[in-house]
Each structure stands twice: as structure tokens, then as C-alpha cells.
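Peer 1: sequence and predicted structure are below.
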Amino acid sequence: MHNIRLELEERFPKLNFIPVIGDVRLLPRLDYAFRKWRPQVVFHAAAYKHVPLMEENPCEAVLVNVVGSRNVADKCIEYDVEKMVMVSTDKAVNPTNIMGCTKRLAEIYVQALGLAIEQGKHNGRTKFVTTRFGNVLGSNGSVIPRFREQIAKGGPITVTHPEITRFFMTIPEACRLVMEAATMSTGNQIFVFDMGASVKIAYLAKRMIELAGLVPGKDIEIAYTGLRPGEKLYEEVLSSTENTIPTDHNRIRIAKVREYDYNDALKVANDLEKLSRTVEIPDMVRLMKKTVPEFISKNSQFEVFDKES
């Protein structure tokens, strides 16, 4: 937060902004921010996004990604916000890990709430839009800064698997597409972005070594460490014509997803909150898998629950 503030002050000296530190899990803090600043548009990007960490800490993933998203959406209704834009992930598509499933559950709640308003079943006027995309180069936890550090130390660069691939976009690309989707939306859509071709992480590592003026395998080794908990080799293609509807923007499409009843989505979010706060992990994960049946764990301690159904 401090570095972001310094960068904004340096690059935009005439910009008037107030940093507010808070926690989406804390309703009083959220209420203060909404009450004091009365936002017209809310961009909700608060989340835990690191897959292995969330496999090891599933209750925290639920409290931030699901309960926190419910809290923000509910405050948007309460304070008559015009539009809420939620940033989701490609890992919400056929999730194989806790993080991806919690983001899908957040999508379900936000979209169900928006549809209930649209159908006259819930008070409010807020329009909800969700954006899904893949990895953002240079963001917190991105492989680029990690590889750069490993090269500076003389290696090795660590890659989990020689065949693992990911979709990438730059920070400016991601921000621009989120803003464009926000302006396009009429409410209750999940927008997916064309991420281009997927990239082999091993190829990315080799190119970074070469760009540093070094020789892969000679100056810097690449070590393969094995897939981490919840990790899969390939992420889902977000923008195929089979599971999306086109828009006027050639890089933005609308996802075809199952719609959920708001009361069902609210009950699930509330039940997950109770289970996560009392750290009842088995029952919590079972409920997640029941609500999102396409959630099949991979390389995870939670695979045992898939065998129960």
C-alpha cells in the first residue's frame, strides 16, 4: 500500500486520493468506508490468490474470497452503489483447488444477488459485473519477479513441471480490459478475456535467462520441483466459442454459466462462514464441492472428498 501511494503521488501529483486500509472480513470497517466516501463504482479485487497457500489454509480462503465478497456486495446494495466490478480468475472454471472454488462461490453469490434485484426479488439498484482472466505478469506472486531473483542469485530457476502452461497478460492490459468490461456491462454478466495463447513456464524461464545474457543449463539451471497442492498443468481456455457469447469487443466475451437462486447462494455463503470460523474443514470442503460440483481436487489432501460422492 505504501509503495502504491508513493507511485501515485509521483506519477499523478494532481490526483486527489485517500488510501483507506481495511479488511473485507470486517463489516464495521467496510461500513465506515462506504458511509464516509459513498462510492458510485466499487472495484472488488481483495482476495487470497496463491493456490498452495489456500490449500493449506482453506478457512482463510473462504473467509476472504467468499465471505468478504458477500460483505462487499451487500454494502454496495446498502449504500446504493451504481455498479460493483468483481475481479475473478480463470481458476474458477472447473476448479481443481480451494482458491479457484472460493472464487467461483464468490461469483455465484454476486451474480445471484444481481439477478434477484433484476427480477424484483431483492431491494437495490446495484449492477454487478464479474471479470475473469489469467495470470498478470509482474503482479504479487507472479513468476517474473521470482525468476529475476533466482537469476540474480545464480540459480537455479525452479519450475514445477516441464509441461506446465499458463495464460498471461500485462498489468496495463488487465486494468484496461477490466475498465472496458465495467463500462460495457448492463449488469449480472461474467466477462472473460481473450488471453491469447498459453505459455510454457519452462520456455519463459529459458527466455529470461537468455535475456539476462546467460545460457540456460550452463550458467543457470532449471530445476523441476513437482506440481504443488491444487495445481494443474493447464488452465482452462476462458474464451472458447462453446462456453461464451460474443460482445462488440474482440477480446471480451460473456461466459455461459449456471444461474443460482439467491436464497440458496446466501445460505451457502452463511453456512461456509460458520464452518470456516469454527475450522470445521471437512464439512466446509464437502459443502463447497456440493455447491460447485465441477470442483474436483487435484494433487490435494481434499481428493478424499471426491471419492465420497
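Peer 2: Perfect, I can see it now.
Peer 1: farthest from the middle of the protein: give me that residue.
Peer 2: K218 (37.1 Å; Cα atoms, centre = their mean).
Peer 1: any figure for the gap between it and I209?
Peer 2: Going from K218 to I209 by Cβ to Cβ, to the nearest Å gives 9 Å. Placement of C-beta: from N, CA and C, glycine included.
Peer 1: helix or strand: which one has L275?
Peer 2: helix 262-277 (DSSP states H and E).
Peer 1: if you could redo that for G230, that was the one I meant.
Peer 2: Assigned by DSSP H and E, G230 falls outside every helix and strand.
Peer 1: what of I190?
Peer 2: Assigned by DSSP H and E, I190 falls in strand 189-193.
Peer 1: quick check: mean pLDDT of that strand?
Peer 2: Averaging pLDDT along strand 189-193 gives 89.
Peer 1: again with stretch 10-24
Peer 2: 93.
Peer 1: how far off centre is that stretch?
Peer 2: Distance of stretch 10-24 from the chain centroid (Cα atoms, centre = their mean, to the nearest Å) equals 22 Å.
Peer 1: before we move on, back to that, so the residue farthest from the centre of the chain belongs to a helix, correct?
Peer 2: No - with DSSP: H, G, I helix; E, B strand; the rest coil as the criterion, K218 is assigned coil and is not in a helix.
Peer 1: can I get the helix holding L275 in CSV, CA atoms only?
Peer 2: The C-alpha trace of helix 262-277 is given here as CSV (Å, rounded to 0.1, in the frame of the first residue of the first chain):
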residue,chain,number,x,y,z
TYR,A,262,-30.2,-16.0,-4.3
ASN,A,263,-31.6,-17.6,-1.2
ASP,A,264,-29.6,-20.8,-1.9
ALA,A,265,-26.5,-18.8,-2.6
LEU,A,266,-27.0,-16.7,0.6
LYS,A,267,-27.5,-19.9,2.7
VAL,A,268,-24.3,-21.5,1.3
ALA,A,269,-22.2,-18.3,2.0
ASN,A,270,-23.6,-18.1,5.6
ASP,A,271,-23.0,-21.8,6.2
LEU,A,272,-19.5,-21.7,4.8
GLU,A,273,-18.8,-18.7,7.1
LYS,A,274,-19.9,-20.6,10.2
LEU,A,275,-17.9,-23.7,9.2
SER,A,276,-14.7,-21.7,8.4
ARG,A,277,-14.9,-19.7,11.6
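Peer 1: list the helices and strands it packs on?
Peer 2: Judged by 3 or more Cβ pairs under 8 Å, 6 or more residues apart in numbering; DSSP states H and E, helix 262-277 is in contact with helix 58-61, helix 98-118, helix 281-291.
Peer 1: who are the packing partners of the next helix or strand after the first one?
Peer 2: So the one you mean is helix 58-61. Using DSSP H and E, the helix or strand that follows helix 58-61 towards the C-terminus is helix 68-78. Counting contacts by 3+ Cβ pairs under 8 Å, 6+ apart, helix 68-78 packs against helix 27-37, strand 41-44, strand 83-87, helix 98-118.
Peer 1: now do the helix or strand just after the strand holding I190: distance to the chain's middle.
Peer 2: Elements were assigned by DSSP H and E; along the chain past strand 189-193, the next helix or strand is strand 199-200. A distance of 20 Å separates the centroid of the chain from that of strand 199-200, by Cα atoms, centre = their mean.
Peer 1: next structured bit after strand 199-200?
Peer 2: Next element after strand 199-200 (DSSP H and E): helix 201-211.
Peer 1: quick check: buried residues in that following helix?
Peer 2: 201-202, 204-206, 208-209 (16 or more other Cβ atoms under 10 Å).
Peer 1: within the sheet, what are the partner strands of the next helix or strand after that helix, with directions?
Peer 2: Next helix or strand after helix 201-211 toward the C-terminus (DSSP H and E): strand 222-224. Looking at strand 222-224 with DSSP bridges, its partner strands are strand 157-159 (parallel).
Peer 1: any idea of the mean pLDDT for the partner strand?
Peer 2: Strand 157-159 comes out with an average pLDDT of 96.
Peer 1: again with stretch 32-47
Peer 2: pLDDT averaged over stretch 32-47 gives 96.
Peer 1: circling back to that earlier point, of the buried residues of helix 201-211, closest to E303?
Peer 2: Nearest to E303 out of the buried residues of helix 201-211 is I201 (Cβ to Cβ; 23.7 Å).
Peer 1: do you know which of the helices and strands packed on helix 262-277 lies nearest R148?
Peer 2: helix 98-118 (24.2 Å).
Peer 1: relative to strand 189-193, how tilted is the closest one?
Peer 2: Orientation check (axes from the mean of the first three to the mean of the last three Cα atoms, to 10 degrees): helix 98-118 against strand 189-193 gives 140 degrees.
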